Every structure is written in structure tokens, then in C-alpha cells.
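Asker: build me a model from this:
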Amino acid sequence: MHYYQFNIGDYKSHTEHLSEMEDLCYRRLLDWYYLHEKPIPIDINETARQIRLRLHCDCIAVVLQEYFESTADGWIHHRANAEILKAGDKSQKASESAKARWNKANKQDTNAMRTHSESNATHNTEHITQDTVKEKATVVATPHGVSSSVWNDFVKHRKTLKAQISMTAISRIEQEAAKAGWTLEQALTECVAQGWRGFKADWVTGKQTATQKAAANMNLLTRGMSGPKPAPFWAKPDNNTLEVVNVESKRLV
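Answerer: Next up is the predicted model:
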């Protein structure tokens, strides 16, 4: 034992008649007894050596005769034996209690882990494949201003390229289309036609869309009547304009 209870009042009432050296011998004998938990050696000289009081064998003998009992195994102390036994019982009970708590905690953790594993195993029984993940990743609503036919063609085109369709990607295409003066639908149509994965304004700079080409053709057929408005009368016409006006005047005459 490295610890034992010490009742000061009880000890004082039983040792008031001891001399200073006898009191010291008794305290050291008790400490040795509790520490080693075994009888004190019969040989007084060996006992004196053990408690480091070799010059006071007489005091040691007095204390042993009064407070200890001589046995074949050595000097024993009945009160100390009772305290040692009591401490052993407490230690054993504490150990058993700790083991019980440990086993209970392990059982609860095991049950919790098993329940959690079973829950994960049965919570979602959907057969998930790579195609399923891609399909879910490409579910994006048709953007505003884009026809269903153009959007469906664009979705098929992206799947062919194994590229996901996200709102971020669509927003980037729309921003680049705006830089080029195109609508989102025009940009998506061009992506499908050209086999592009994305869209950049630089790629179509100076390129006429189908709508722009149709407007230009209409302007030629109507001889400029559907073209831009004429300049105000105070503006100085260039030579080309004067020639066209003269030709038309002669034709009408």
C-alpha cells in the first residue's frame, strides 16, 4: 500500500507514553509494514537496517513487543492487517466496477456501430452506377429564352462529350454570348453545330448569325428600304449616294 488512513487522535491516545525515539521507530515500522504488506523480520538488526535506525535496536524491540505480535513468519500488526484487507477489498470492488463499466460501454458502442452499419446498408437500396451519377448531375432546367428543341440537342451534345451540365457552365456561356452580342440560344446552337464543349466570344467575332444573314438578304431584296434610316437633309451626302439618287430619278422620269 502506498496510502493508508491515519487517525491522529487514536494514534496520540495510544502512544503518549512513548519517547521521541520510540515514537519515530513506531511510525517507521508502520510505514514499512503498510508499504510491503508483509510481517516485519524477526531479526531486530535486520529490522533496524530496513527502517534506517541501526543505532536504536533497543527502541525498536520495545515497540515491537508492545504493538506487534511475534509469529513464525515475523512480527505482525492486527490493526494494519485489517486496513490492508479492507483496502484490498475496495481495490477489488473498484476493479470489478471498472470492468463492468468498460464492458457496458463496449457493448453499447458495439450495438451502436452495428445499428449504424445496418442503417447505412438498408437506408438507400438504389443501385447506383456511374451512369446514374452522370444523369443526376446533368438534370438542369431549360434556361429562359431557350427553346426545348435547342436545349435537348445541347444536352445530347454534352452527354456525347461526357461533360456535365451545370448552372455555372450555362452562366459562363451566356456571359460570353452577351459579349459577342448573341443570345444564349444562338450560342448553344453554335456549340452543337461546331461540336464545341464551351463557347467564347472571340470564337465568333465578325461572324454573322443566321438571323443577321436573313436581315442582310432582306435589305438587298427591298433595295435598302428595310435598311437603316437615311441621314438628315442637312448631312452632306457622299458621291455614292448622289449617284444612286440620280439613277433612281432618271428611272422615274
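
Asker: please count neighbours and contacts with C-alpha atoms only from this point.
Answerer: Fine.

Asker: give the contact list for Pro39.
Answerer: Going by Cα atoms under 8 Å, 6 or more residues apart in numbering, Pro39 touches 33, 73-77.

Asker: of those, buried ones?
Answerer: For the contacts of Pro39, burial is judged from neighbour counts taken by 16 or more other Cα atoms under 10 Å, and it is met by 33, 75-77.

Asker: would CSV of those residues with distance to Gly198 and secondary structure be doable?
Answerer: As requested, the buried ones among the contacts of Pro39 are exported to CSV (distance: Cα to Cα, whole Å; DSSP: H, G, I helix; E, B strand; the rest coil):
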residue, distance to Gly198, secondary structure
Tyr33, 89, helix
Trp75, 98, strand
Ile76, 96, strand
His77, 95, coil
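
Asker: all strands of the stretch 51-200 of the chain, in order?
Answerer: Ranges of strands in the stretch 51-200 of the chain, per DSSP state E, counting those that start in this stretch, are 69-70, 75-76.

Asker: possible to save those strands as TSV with mean pLDDT?
Answerer: Supplementary listing: those in TSV, determined by pLDDT from 0 to 100:
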stretch	mean pLDDT
strand 69-70	93
strand 75-76	94
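
Asker: and Ala98, which of those strands is closest to it?
Answerer: Closest approach to Ala98 among the strands of the stretch 51-200 of the chain (Cα to Cα): strand 75-76, 32.3 Å.

Asker: could you measure from Pro41 over to Tyr3?
Answerer: 22 Å (Cα to Cα, to the nearest Å).

Asker: neighbour count winner among those two?
Answerer: Remark: of Pro41 and Tyr3, Pro41 carries more neighbours, 18 against 10, as counted by other Cα atoms under 10 Å.

Asker: dihedrals phi and psi, the residue nearest to the more buried one when sequence neighbours are not counted?
Answerer: The shortest distance from Pro41 to any non-neighbouring residue, by Cα to Cα, 6 or more residues apart in numbering, is to Gly74 (5.0 Å). Phi and psi for Gly74, reported as degrees, to the nearest 10, are phi 140, psi -170.

Asker: show me where pLDDT drops low in this protein?
Answerer: 89-94, 105, 108-139, 206-253 (pLDDT under 70).

Asker: show me how it divides into domains.
Answerer: Listed by automatic domain parsing, the domain ranges of the chain are 1-118, 135-229.

Asker: follow-up on the earlier one: mind putting the strands of the stretch 51-200 of the chain in TSV, distance to Lys107 included?
Answerer: Output for those, formatted as TSV (distance: least, Cα to Cα, whole Å):
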stretch	distance to Lys107
strand 69-70	50
strand 75-76	45
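
Asker: which one, of these, ends up nearest to His144?
Answerer: That would be strand 75-76 among the strands of the stretch 51-200 of the chain, by Cα to Cα, at 99.1 Å.
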